[in-house]
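**Q** sharing a sequence plus its predicted fold:
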Amino acid sequence: MVFMNKFVASAVLLFISTVFADDPRDVYDMQRFGSLAAKVRHFTNLTVIGDSYSSGDGAQNNWGEGSCRRNVGAYGPRLNNLLHPDFFHFAACSGADVPHIQAQVKSSLYGDPELIVMTATGDNGGMFVKVLVACMIQKSGSACDAAVKYASVQADAIPGTLAPLYKDIKDEGKAAGKKLTIVHIGYAQLYNRDADAAQCPPKPTRFYLGVDVKWASKGPGGYRDKINNVILKVNRKIQEAANQDGIIYADADSFFEGHRFCDGPKNAWMQHKLALMQEAGVLCHPTFEGHGAYVNAALDALVNPKSRFVAPAEDPKVLGGRFDSGDEELLKETNEIIDKHLVKEELARQARMDKQTFGF
Ligand SMILES: *[C@@H]1O[C@H](CO)[C@@H](O)[C@H](O)[C@H]1NC(C)=O
């Protein structure tokens, strides 16, 4: 029976791929999302803006093109294949915080969209990177606690940083006399909170800095729970800002259910390695399948604009108390690691990216 199903499935796959597409991965999208995509009205012009979750670092075949690392496996190009607008613009950029995303809106890469899909705020104040370094590279309980508190403070500021970005997008639309549809997709909780460590991805052997996602402890109040709750808070704040401005919030999180770290050693739709210049080496960024979950979230929100308005709330107790000078001290080593290993390279890349994207 299983054999038969497999046989039939691959025969259908072969047929579809011969007729419609060269890349078997387009077939994957057609099979999974084709019928949902068919329910979305035709948009003439689609633009994707945002951070690395939109540029798609490492989603397919290496980093992706140029300093911004725009990747063909990211949700944007795949939405383009599914929705076939007349024009598709891809301005998202790895490492972009909200001010950089505002610059994307003003750049020539932005095009003339009526549908805008985006991710934003994860790079604000370097919040995610501090959590990843403290909790997955240093693997220090006290630094991880401090990084979680730091991220919680950054999350509180999200609505205030998003308001001017949303305004810029709307002003551009108004100037062009367009009625815009704007979809802001959130982030995904990284962990299955309760599964045994044996279900987590193994520590990578040949990758540097000792990254190990299975260090984080399981159970309520454990480090997996803390990291998940950071993401829940960020999502809730994005949702708050989006609702305030009449923007569609799309919750990607539920589409990762069963595909988080520790949902089985090989089941995660998030990358668990860290290696420069390699596919699947961009720690805690969606894999090709993870970007499929983003495609799913965007389509779902377009078909049922109200249905994904509810992001689950975080548990503030799990995030810990106030961030204070003691926490700042605890993050010293975290910041040193970021400076030494990531920032020099990042700043050089950022300079290239600014030049390439914005011409300054
Ligand atoms: C779509 O974009 C093209 C090229 O930028 C532009 O000429 C056209 O007016 C846009 N159409 C709509 C309906 O937005």
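**A** Noted; the coordinates are in hand.

**Q** can you tell me the SS state at the residue of the stretch 251-360 of the chain found nearest the ligand?
**A** Using CB to the nearest ligand atom, residue 302 is the residue of the stretch 251-360 of the chain that sits closest to the ligand, at 16.9 Å. For every residue, glycine as well, the C-beta is placed using N, CA and C. State at residue 302, reduced to three classes by DSSP: H, G, I helix; E, B strand; the rest coil: helix.

**Q** show me what contacts the closest residue in space to it that isn't next to it in sequence?
**A** Leaving out its chain neighbours, the residue that sits closest to residue 302 by CB to CB, 6 or more residues apart in numbering is residue 40, at 4.7 Å. Residues in contact with residue 40 (CB atoms under 8 Å, 6 or more residues apart in numbering) are 83, 299, 302, 303.

**Q** which element, helix or strand, includes the nearest residue to the last one once chain neighbours are set aside?
**A** Going back to what we said before, that points to residue 303. Nearest residue to residue 303 in three dimensions, chain neighbours excluded: residue 39, at 4.9 Å (CB to CB, 6+ apart). If you go by DSSP states H and E, residue 39 is not part of any helix or strand.

**Q** and residue 39, how far is that from the ligand?
**A** 21 Å (CB to the nearest ligand atom, to the nearest Å).

**Q** just residue 52 next, same as before
**A** Distance from residue 52 to the ligand, by CB to the nearest ligand atom: 26 Å.

**Q** for that residue, grab phi and psi.
**A** phi -70, psi -20 (degrees, to the nearest 10).

**Q** contacting residues around it?
**A** Contacts of residue 52 by CB under 8 Å, 6+ apart are 69, 92, 93, 94, 95, 96, 122, 123, 282, 285.

**Q** closest to the ligand out of those?
**A** Among the contacts of residue 52, and counting by CB to the nearest ligand atom, the member closest to the ligand is residue 92, at 17.7 Å.

**Q** that closest one in helix, strand or coil?
**A** Residue 92 is classified as coil under three-state DSSP.

**Q** model confidence score at it, please.
**A** With respect to pLDDT, residue 92 has a value of 95.

**Q** that one - how many residues pack around it?
**A** 32 (other CB atoms under 10 Å).

**Q** kindly provide the distance from it to residue 263.
**A** 27 Å (CB to CB, to the nearest Å).

**Q** what do you get for residue 116?
**A** Residue 116 is 32 Å from residue 263, by CB to CB.

**Q** what's in contact with stretch 157-164?
**A** Looking at what lies outside stretch 157-164 - CB under 8 Å, 6+ apart - the contacts are 98, 102, 120-121, 124-125, 234, 237-238, 240-242, 244-245.

**Q** I figured the residue of the stretch 251-360 of the chain closest to the ligand hits residue 181, correct?
**A** Yes. Between residue 302 and residue 181 there is a contact under CB atoms under 8 Å: 7.3 Å.

**Q** so what's the residue in the stretch 51-200 of the chain positioned nearest to the ligand closest to, chain neighbours aside?
**A** Going by CB to the nearest ligand atom, the ligand is nearest to residue 112 of the stretch 51-200 of the chain, at 3.8 Å. Using CB to CB, 6+ apart and skipping the chain neighbours, the partner closest in space to residue 112 is residue 45 (5.4 Å).

**Q** pop out the phi and psi values for the nearest residue to residue 141 once chain neighbours are set aside.
**A** Among residues not flanking residue 141 along the chain, residue 223 sits closest, at 7.4 Å (CB to CB, 6+ apart). With angles defined as degrees, to the nearest 10, residue 223 sits at phi -70, psi -30.
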